[in-house]
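K.L.:
can't give you the sequence, but here's the structure:
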């Protein structure tokens, strides 16, 4: 049991080290999160923002959809306004 706990802690530590790299690369709009699930959502939002696709964000009231939308917009090509094509 103790080995499992140590393994989980090691994974969290290595994951936190990996995350700091992408967190420095993207504008996270000062969002604060602690869970691994939210970290995955924020990382996905940052990656999707770089693609030229439409994004639909769904979830329950109070889930943070607007904050995720801010992150997507802040890291997209349209953050400075629409480009003339």
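P.N.:
That came through, no problem. Everything numeric here is computed off the predicted structure, so don't read it as measured data.

K.L.:
From now on I want contacts and neighbour counts done on CA atoms only, so please keep to that.
P.N.:
Fine.

K.L.:
host element of the residue positioned nearest the centre of the chain?
P.N.:
The C-alpha lying nearest the average C-alpha coordinate of the chain belongs to residue 42 (C-alpha atoms, centre = their mean; 1.3 Å). Assessed by DSSP states H and E, residue 42 sits inside helix 36-49.

K.L.:
Show the average pLDDT along that helix.
P.N.:
Averaged across helix 36-49, the pLDDT comes to 92.

K.L.:
same for that helix, what does it pack against?
P.N.:
With contacts taken as 3 or more C-alpha pairs under 8 Å, 6 or more residues apart in numbering; DSSP states H and E, helix 36-49 sits against helix 65-74.

K.L.:
which residues touch the helix it packs on?
P.N.:
For helix 65-74, the external contacting residues (C-alpha atoms under 8 Å, 6 or more residues apart in numbering) are 27-29, 31, 42, 45-46, 48-49, 57-59, 79.

K.L.:
Look up how far residue 82 lies from residue 25.
P.N.:
When distance is defined by C-alpha to C-alpha, to the nearest Å, residue 25 is 23 Å away from residue 82.

K.L.:
what sits against residue 54?
P.N.:
Residue 54 neighbours (C-alpha under 8 Å, 6+ apart): none.

K.L.:
Find me the pLDDT at it, would you?
P.N.:
Looking at residue 54, the pLDDT reads 90.

K.L.:
swap in residue 2?
P.N.:
Residue 2 is given a pLDDT of 58.

K.L.:
Equivalent analysis for residue 12, please.
P.N.:
Note for residue 12: predicted pLDDT of 57.

K.L.:
circling back: which residues touch the helix holding residue 42?
P.N.:
Contact with helix 36-49 is made by 22, 26, 28, 33, 55, 68, 71-73, 75-77, as judged by C-alpha under 8 Å, 6+ apart.

K.L.:
rerun that using 6 Å as the cut-off
P.N.:
Contacts to helix 36-49, defined as C-alpha atoms under 6 Å, 6 or more residues apart in numbering, come from residues 72, 75-76.
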